[in-house]
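> Got a predicted structure plus its sequence, pasted below:
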Amino acid sequence: MTVKQRIFAYLQSHPEGVDDSELTRVLGIKYHAQTNACCRELENDGLVIRRRVNGAILNFLTGKNIAPIPEEPFVVPKGTPYKEMWIWEGNIQKQVIKHLQTYDFQILSETDTERRQRGIDIMAEKNGKQLWVSVKGFPRRTEKTNPSVQAAHWFKQVIFDMLDYRGRDENVSLAVALPDFTRYHAMAKKISWFKPVARFNYFWVRENGEVVVE
């Protein structure tokens, strides 16, 4: 998706309006100026209204439509096995483990995703403190599966994991690892109040392997 399409998709689930700074942060856009330029273009296209509210300029959708936004914002050759796609849970898990090892975490255990092994997906430790990570990928489209709908179910599962893990240990560090897709960001935004309550971080994994910690 283009940056403009990503902004439009995010605003669809935020009728209360969102300012440029928040869009830049949530969508992982590199430069604030790029976000501002795209929002102004959307305004010129008649798709967005920019209005000052309590001192901040918020972006609101006008209700018109934009070029279709794919539910799967990635391109893979037709017939590619799911496990070869970067969005597969096992590949997301591998990238998070690489990230943690770069920061001197010791990996205590990892579940066998291919065999659908139960348990905490990643258990790591640094300076005597453990980190438990719940990992999910992004669904592929099938005849019976709408990726956007299935992604909502997967997101609920990892959030339940945070409830479960925090109940098991008040002191352990927690994190949710997900592909860096607008769909997941939108759901995370809706329950932003819960993050400081359960005390966990998001690990947003990008297609190039980069992991952004929120």
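Arrived safely.
> For stretch 187-199, buried residues please.
By neighbour count with 16 or more other Cβ atoms under 10 Å, stretch 187-199 contains the buried residues 187-188, 195, 198. (Each C-beta comes from the backbone N, C-alpha and C, glycine too.)
> Just give me the closest of those to M85.
Checking the buried residues of stretch 187-199 against M85 by Cβ to Cβ gives M187 as the nearest, at 20.9 Å.
> For the closest one, which non-adjacent residue is closest in space?
Using Cβ to Cβ, 6 or more residues apart in numbering and skipping residues adjacent in sequence, the residue nearest M187 is F155, 4.8 Å away.
> And this structure, what are its domain boundaries?
3-61, 82-213 (automatic domain parsing).
> can those domains go into a markdown table with extra columns for mean pLDDT?
A markdown table is the format used below for the domains of the chain (pLDDT from 0 to 100):
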| stretch | mean pLDDT |
| --- | --- |
| domain 3-61 | 89 |
| domain 82-213 | 91 |
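> how about the helices in this structure?
Secondary structure of the chain (DSSP state H): helices located at 3-12, 20-27, 32-44, 89-102, 147-168, 182-190, 194-198.
> Present those as CSV; the columns should include distance to F138.
CSV is the format used below for those (distance: least, Cβ to Cβ, whole Å):
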stretch, distance to F138
helix 3-12, 14
helix 20-27, 16
helix 32-44, 23
helix 89-102, 8
helix 147-168, 6
helix 182-190, 8
helix 194-198, 20
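> and of these, who's closest to K136?
The closest of the helices of the chain to K136 is helix 147-168. By Cβ to Cβ, the value is 4.4 Å.
> so how far is the closest one off the chain centroid?
Its chain's C-alpha centre and that of helix 147-168 lie 13 Å apart, by Cα atoms, centre = their mean, to the nearest Å.
> and if you look at stretch 125-142?
12 Å.
> and if you look at stretch 159-177?
Distance of stretch 159-177 from its chain centroid, counting by Cα atoms, centre = their mean, is 18 Å.
> just stretch 51-61 next, same as before
Distance of stretch 51-61 from its chain centroid, counting by Cα atoms, centre = their mean, is 25 Å.
> Put the alpha carbons of that stretch into CSV.
Taking Å, rounded to 0.1, in the frame of the first residue of the first chain, the C-alpha atoms of stretch 51-61 are listed here in CSV:
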residue,chain,number,x,y,z
ARG,A,51,-9.7,20.6,11.3
ARG,A,52,-8.2,22.2,14.4
VAL,A,53,-9.5,20.6,17.6
ASN,A,54,-8.1,21.7,21.0
GLY,A,55,-5.1,23.2,19.4
ALA,A,56,-4.2,20.2,17.2
ILE,A,57,-5.0,19.7,13.6
LEU,A,58,-6.9,16.4,13.2
ASN,A,59,-7.6,14.5,10.0
PHE,A,60,-11.2,13.3,9.4
LEU,A,61,-12.5,11.3,6.5
